[in-house]
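> quick one, what's the 3D model for this:
(one chain, ligands or ions: 1)
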Amino acid sequence: MKWRTIKFLLPAAGLALFLLPASALADQETAQSARQEAVRTDPWFVPEEETNRPNPVTPDEDSIERGKEEFKKYCVTCHGRFARGDGLFAERMLTRPPDLTTVINGRTDGNLAWKISRGQGSMPGWHKILRQDDIWNIVNYLRAINVKAD
Ligand code: HEC
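Numbers count the residues shown, from 1 in each chain. Got it, this is the predicted structure:
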């Protein structure tokens, strides 16, 4: 190979080396956001009887306070201190935890209690850790801090 050709090719090779990892990263990001989108649009399956299950715990001050304490203990790491979906781990999760102050609009208490109890994907199920009453207390707390979207 002539020196002139090599001189011409060297910067091109350098450029390729520089660009390759960047484009591989961009591909990864696209794949990740596509996956995120797929999980996000995948509806939770909640059995109808659970959606229709009435909340047996009156949302009084005690219940809301207790729900707040339990939420602080088990949920803030992902959902954030004020349930806005900005917890410590939220950034690094494949599925971002939703903002619970708005997403729960239009959902029944039974629907939420079932989701908290069973979990899905990166959202753990809590039925082995929390008492059923405390799951309802948390639902009452979330209702109390819920900002109506409409
Ligand atoms: C490890 C992180 C993590 C923890 C801890 C966590 N969650 Fe979640 N949560 C998620 C993610 C991620 C989703 C979204 C899951 C999905 O859409 O597939 C979610 C979804 C939810 C939903 C469903 C919202 C909807 O769309 O109707 C509720 C309710 C909820 N979480 C409540 C809680 C409560 C209450 C706790 C504590 C007892 C808790 N979460 C703890 C990550 C977490």
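> against the ligand, how distant is Thr101?
For Thr101, the distance to the ligand equals 11 Å [C-beta to the nearest ligand atom, to the nearest Å]. All C-beta spots, glycine's among them, are computed from the backbone N, C-alpha and C.
> now swap in Phe82 and tell me
13 Å.
> tell me who's in contact with that residue.
Contact analysis of Phe82 by C-beta atoms under 8 Å, 6 or more residues apart in numbering lists Thr101, Ile145.
> could you look up the SS state of it?
Counting by DSSP: H, G, I helix; E, B strand; the rest coil, the backbone at Phe82 sits in coil.
> what segments of the chain are helices?
3-41, 48-51, 61-74, 76-79, 100-103, 109-118, 132-145 (DSSP state H).
> the nearest residue to Ala83 once chain neighbours are set aside: neighbour count?
Leaving aside its chain neighbours, Ala83 sits nearest to Leu100 (4.0 Å; criterion: C-beta to C-beta, 6 or more residues apart in numbering). Counted by other C-beta atoms under 10 Å, the residues lying close to Leu100 total 21.
> pretty sure Leu100 is touching Leu142, no?
Yes - counting by C-beta atoms under 8 Å, Leu100 touches Leu142, with 5.6 Å between them.
> overlap in contacts, the two.
When contacts are counted by C-beta under 8 Å, 6+ apart, Leu100 and Leu142 are jointly contacted by Ala83.
> show the low-confidence segments of this structure, by residue range.
Applying pLDDT under 70 to the chain picks out residues 1-43, 148-150.
> which bits of it sit near the ligand?
39, 71, 74-75, 77-79, 89, 93, 95, 97-98, 100, 103-104, 107, 112, 115-116, 120-124, 126, 138 (C-beta under 6 Å from any ligand atom).
> buried subset of those?
Buried members of the residues of the chain next to the ligand, scored by 16 or more other C-beta atoms under 10 Å, are 71, 74-75, 78-79, 95, 97-98, 100, 103-104, 112, 115-116, 123, 126, 138.
> the domain parsing of the protein - what is it?
Per automatic domain parsing, the structural domains of the chain span 1-42, 48-145.
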